[in-house]
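Undergrad: sequence isn't available, so here's the structure alone:
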């Protein structure tokens, strides 16, 4: 992305706050104006307070002028800092909100292609770098430029010949900055990539700390982290070399120019006050010129970060061309010759799937791992769209329904339970604008969570920790079931919903599931075949195709793949 494009987009984000931004500009201009005033006050003090041209004036006049100038400068400096923060804190919030809102709408495939650490780093770290860049550039290119222009104007007025000699350092500084710009941006892009990888390592290590301890993976994780950390150190060192080299070169060039000017000024007919005024303003120029020379580093970091942030903000969202809505579906699902291949995969995940699920039916999907069961569910939830054939709900093609309307008809309980660091009530009623506590109580009871809630210190208002860490595995599974009960959707997807339960809990929750499944279309992914014997239909999948379907009894009688799987599991259970 071109730098000019990035600047235009950032200015558009700042635009709603332009009134405060202009006030900040005014405050910066005020700060800049006090610089030559200080030098002028010194000139008057030296020329009129000392020597043959001494003029009688009040003893307190000069201190009064100096105190007034510094007081005014203090007001302008405080106003600049306050207004800058007021504007930039809102820009930071806006950018993070835009990035996070887009993350929530990204296609599921994006999360399979990109690491969690990179996405987190973009929303948190890269946005911060962009705002830091705006602040650095805003201060340097506005306040410091105003200071430089003000001082140069005063210098030209005082002695234009000496001023032009001093300005030879400006084109040299520009050449140095231009030389380092490209290298700094390349290094910053690489540094961002490594930072995202480090974030991913830390995120995985904290999330998987139990596995790390049990399998003695501390040394491996430490090596992973140290490799990224060392790479970051190397990039930081190279950026420092590229960045820091500009400062001494610029300073030496400036010192040479100032020295030449001082020698020539001494030989001129300037008064002591004028000479002091001129040299003071020359020395005052050094700080803003140094700041302008050094702003290139933060600016290139910010530009590289902005490219990453805008790549998220501009990322295509989940395709949602549908216009039709359903208040509450009957639950008639139909697959017609559906085919699907994952991006980059060689073999199709599903091939020519045709299946008709009537409202209220329970259909179980079974088969060996990799048979296509999870892909089938991914298409039902429309995490992916089929590349061949079509899926219909109540006779309406999926692509004609809005995503929101379609997913309002679905509830899912997965074997990989996802809970949020919030209250138990918020987790069960997840997605609801307001919690219906009567409905919540019914869901808690149906999922056999009443005893669990009674033991929590604040009942359903107890925070359950990250991913429900304060609950046992079986309790977490029941919370997920309660969430599905609360939603009361006409189509249920159960991915081994009782897999994490002990026998006693499984019987209790299975009874709740039986009640929940009554009158609803239910798709069950089953690994333990004993849990789906009562399904209306069992669909056996292998290599992305349906190879058998029927009731438990008819499939056993057919003595095919299902019968073989059942015998293997039964034999394993008997031997256990």
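TA: Ah, there it is. What you see is a predicted model, and the numbers here were worked out from it, not measured in a lab.

Undergrad: how far away from the center of its chain is the helix or strand residue 265 falls within?
TA: Following DSSP states H and E, one finds residue 265 within helix 246-266. With C-alpha atoms, centre = their mean, to the nearest Å as the basis, helix 246-266 stands 46 Å off its chain's centre.

Undergrad: likewise for stretch 538-554?
TA: Relative to its chain's centre, stretch 538-554 lies at 42 Å (C-alpha atoms, centre = their mean).

Undergrad: quick one: end-to-end length of that stretch, please.
TA: 10 Å (C-alpha to C-alpha, to the nearest Å).

Undergrad: use 51 as the first number from now on
TA: Sure, I'll start counting at 51 from here, so that last one is stretch 588-604.

Undergrad: name the next helix or strand downstream of the helix holding residue 315, please.
TA: Next along the chain after helix 296-316, taking DSSP H and E as the criterion, comes helix 322-344.

Undergrad: from the contact counts, what lies against that next one?
TA: Judged by 3 or more C-beta pairs under 8 Å, 6 or more residues apart in numbering; DSSP states H and E, helix 322-344 is in contact with helix 68-99, helix 195-216, helix 219-257, helix 296-316. For the C-beta atoms, the positions are set from N, CA and C on the backbone; glycine is no exception.

Undergrad: that helix to helix 195-216, inter-axis angle?
TA: Angle of helix 322-344 versus helix 195-216, following axes from the mean of the first three to the mean of the last three C-alpha atoms, to 10 degrees, is 110 degrees.

Undergrad: mind listing what's buried along helix 322-344?
TA: 323-332, 334-335, 338-344 (16 or more other C-beta atoms under 10 Å).

Undergrad: what angle separates the helix or strand just after it from helix 296-316?
TA: Per DSSP H and E, the first helix or strand lying C-terminal to helix 322-344 is helix 346-363. Helix 346-363 runs at 140 degrees relative to helix 296-316, counting by the same axes, to 10 degrees.

Undergrad: from the chain's centre, how far out does helix 346-363 sit?
TA: How far helix 346-363 lies from its chain's middle: 14 Å, per C-alpha atoms, centre = their mean.

Undergrad: average model confidence for that helix?
TA: For helix 346-363, the mean pLDDT works out to 85.

Undergrad: by contact count, what packs against it?
TA: Where contact means 3+ C-beta pairs under 8 Å, 6+ apart, helix 346-363 is packed against helix 53-64, helix 111-154, helix 177-188, helix 219-257, helix 268-294.

Undergrad: if you set the cut-off to 7 Å instead, what comes out?
TA: Packed against helix 346-363, as judged by 3 or more C-beta pairs under 7 Å, 6 or more residues apart in numbering; DSSP states H and E, are the following elements: helix 53-64, helix 111-154, helix 177-188, helix 219-257.

Undergrad: with distance to residue 285, mean pLDDT and mean neighbour count added, can I get those helices in a markdown table?
TA: Converted to a markdown table, the helices and strands packed on helix 346-363 look like this (distance: least, C-beta to C-beta, whole Å; pLDDT from 0 to 100; neighbours: other C-beta atoms under 10 Å):
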| stretch | distance to residue 285 | mean pLDDT | mean neighbour count |
| --- | --- | --- | --- |
| helix 53-64 | 21 | 89 | 14 |
| helix 111-154 | 23 | 88 | 16 |
| helix 177-188 | 14 | 86 | 21 |
| helix 219-257 | 4 | 70 | 17 |
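
Undergrad: what would those helices look like in TSV with distance to residue 314?
TA: Shown next, in TSV, are those (distance: least, C-beta to C-beta, whole Å):
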stretch	distance to residue 314
helix 53-64	39
helix 111-154	29
helix 177-188	35
helix 219-257	15
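
Undergrad: and residue 535, what element?
TA: According to DSSP H and E, residue 535 maps onto helix 523-537.

Undergrad: toward the C-terminus, what is the element adjacent to that helix?
TA: strand 541-545.

Undergrad: so the spatially most central residue of the chain, which of the three states?
TA: Closest to where the C-alpha atoms of the chain average out (C-alpha atoms, centre = their mean) is residue 173, at 2.2 Å. Classification of residue 173 by DSSP: H, G, I helix; E, B strand; the rest coil places it in helix.

Undergrad: ok, the nearest residue in space to it that is not next to it in sequence - contacts?
TA: If the residues on either side of it in the chain are set aside, residue 173 comes closest to residue 149, at 4.8 Å by C-beta to C-beta, 6 or more residues apart in numbering. Contacts for residue 149 (C-beta atoms under 7 Å, 6 or more residues apart in numbering) come out as 172, 173, 177, 359, 362, 363.

Undergrad: what's the closest of the helices and strands packed on helix 322-344 to residue 423?
TA: helix 219-257 (25.5 Å; C-beta to C-beta).

Undergrad: show me what contacts residue 345?
TA: By C-beta under 7 Å, 6+ apart, residue 345 lies in contact with 186, 187, 190.

Undergrad: now with 10 Å, please.
TA: Residue 345 makes contacts with 183, 186, 187, 188, 189, 190, 191, 194, 227, 352, as judged by C-beta atoms under 10 Å, 6 or more residues apart in numbering.
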